[in-house]
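Participant: quick one, structure for this:
(chains A, B and C)
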Amino acid sequence: MPFINSKISVKLTEEQEKKIKNRLGKAIALIPGKTESWLMVGFEDDYKLYFKGEACEKIVFVEVSIFGSASKTALNSLTVEICDIYNEELGVPKDKIYVKYSETPNWGWNGSNF
Amino acid sequence: MPFINSKISVKLTEEQEKKIKNRLGKAIALIPGKTESWLMVGFEDDYKLYFKGEACEKIVFVEVSIFGSASKTALNSLTVEICDIYNEELGVPKDKIYVKYSETPNWGWNGSNF
Amino acid sequence: MPFINSKISVKLTEEQEKKIKNRLGKAIALIPGKTESWLMVGFEDDYKLYFKGEACEKIVFVEVSIFGSASKTALNSLTVEICDIYNEELGVPKDKIYVKYSETPNWGWNGSNF
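Facilitator: Next comes the predicted model:
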């Protein structure tokens, strides 16, 4: 029951979006018990972002929302991979990428909460 | 002090948006102490969403942000209603709807925190 | 490692956006240990927002995401300032502004978590 949403300062091509989506689908398995078969992925490109007061060309803010919680080690591994993905697919400098984790005990799907 | 924000993979007509907004305004009362008179509602339609690796036609991600906390029973009732709303108004399959709950002890309005 | 994201019901000019960004960059220092040199800022204007069931002309929803936590006093001071900023720069009535705080112990940057 994770949701990975990305706010991206540049425009994505359909091909880039698909590739990133596919890689995020693999990366989520770094969290024990999570797989692409429960993953929702969202993209907001061409987003107005500033970092350190500047409108740098390439900035990404990723929010990973998780039902329940995960170990610090697992979340760190996911950050490694997410930064790699945006660096390799879009050329975003890793020091222009934030990954925020939101863990919550209440999550609904298909008409009821888990 | 709740905020219900919906990311929707399809385009909303103004009529659909108003109807969903009205129904969310009633649904929020399922949480004791919450009413439409404190509810903010946001919509992002035509949103790029994938579920289980697929870009299904109709997917919805709803985030319900709440000042304070609520019982599991109340939140479950709200999920039942939110899934009904999107299923009935837009024809979204209930198993393509996620509802994430974010509870927070810090919430500002009108120049100060509650 | 904070991120301030604003959903705004009206369209922003580039000048308004820059001014608000600059003022948020100063305001974040109201939280001990936070400065503009670690702040990411995002804007979504022309956003579909309703408050108390109405589509008022000017509504703003601000989400302040913070790595770690902050005192209630500091967060209250930030709310004072954020409401001032949107009131003075865009003429948004302060009672049409919500500020949600999300504190999280897990935050990634530059390829690893803090």
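
Participant: buried residues in the longest helix anywhere in chain A?
Facilitator: Taking residue count as the measure and DSSP state H as the definition, the longest helix of chain A comes out as helix A:72-90. Going by neighbour count (16 or more other CB atoms under 10 Å in any protein chain shown), the buried part of helix A:72-90 is A:74-83, A:85-87, A:90. Yep, even glycine has a C-beta here, placed from its N, CA and C like the rest.

Participant: shaky segments in chain A?
Facilitator: Judged by pLDDT under 70, chain A has no weakly predicted residues.

Participant: residues from it in reach of chain B?
Facilitator: A:1, A:3, A:5, A:17, A:21-22, A:25, A:36-45, A:65, A:102, A:104, A:106-113 (CB under 8 Å from any CB of the partner chain).

Participant: show me these that map onto strands.
Facilitator: Of the residues of chain A next to chain B, the ones assigned to strands by DSSP state E are A:3, A:5, A:40-44, A:65, A:102, A:104, A:107-109, A:112-113.

Participant: and of those residues, the nearest to chain C?
Facilitator: For these, the minimum distance to chain C (CB to the nearest CB) is 6.2 Å, reached by A:Ser102.

Participant: how near is the closest one to B:Glu15?
Facilitator: As for A:Ser102, its distance to B:Glu15 is 33 Å (criterion: CB to CB, to the nearest Å).

Participant: who's more crowded, those two?
Facilitator: When neighbours are counted by other CB atoms under 10 Å in any protein chain shown, A:Ser102 comes out ahead of the other of A:Ser102 and B:Glu15, with 18 against 9.

Participant: just give the closest residue to the more buried one, not the sequence neighbours.
Facilitator: A:Ser65 (4.6 Å; CB to CB, 6 or more residues apart in numbering or on different chains).

Participant: report the beta-bridge partners for that neighbour.
Facilitator: Counting by DSSP bridges, A:Ser65 forms beta bridges with A:Phe3, A:Ser102.

Participant: elements contacting the longest helix of chain A?
Facilitator: Here helix A:72-90 is seen to pack against strand A:3-8, helix A:14-27, strand A:60-67, strand A:97-104, strand C:107-109, strand C:112-113 when contacts are counted using 3 or more CB pairs under 8 Å, 6 or more residues apart in numbering or on different chains; DSSP states H and E.

Participant: does the longest one come close to chain C?
Facilitator: The one in question is helix A:14-27. No - using CB under 8 Å from any CB, we find that helix A:14-27 stays clear of chain C, coming within 12.1 Å at best.

Participant: which part of chain A gets nearest to chain B, residue-wise?
Facilitator: Closest contact between chain A and chain B, by CB to the nearest CB, is at A:Gly108 (3.2 Å).

Participant: ok, that residue touching B:Glu81?
Facilitator: No - counting by CB atoms under 8 Å, A:Gly108 sits too far from B:Glu81 to count as a contact (10.1 Å).

Participant: burial of the residue nearest to A:Ile8 when sequence neighbours are not counted, as a residue count?
Facilitator: What sits nearest to A:Ile8 in space, not counting adjacent residues and going by CB to CB, 6+ apart, is A:Asp45, at 4.7 Å. Residues lying near A:Asp45 (other CB under 10 Å) number 17.
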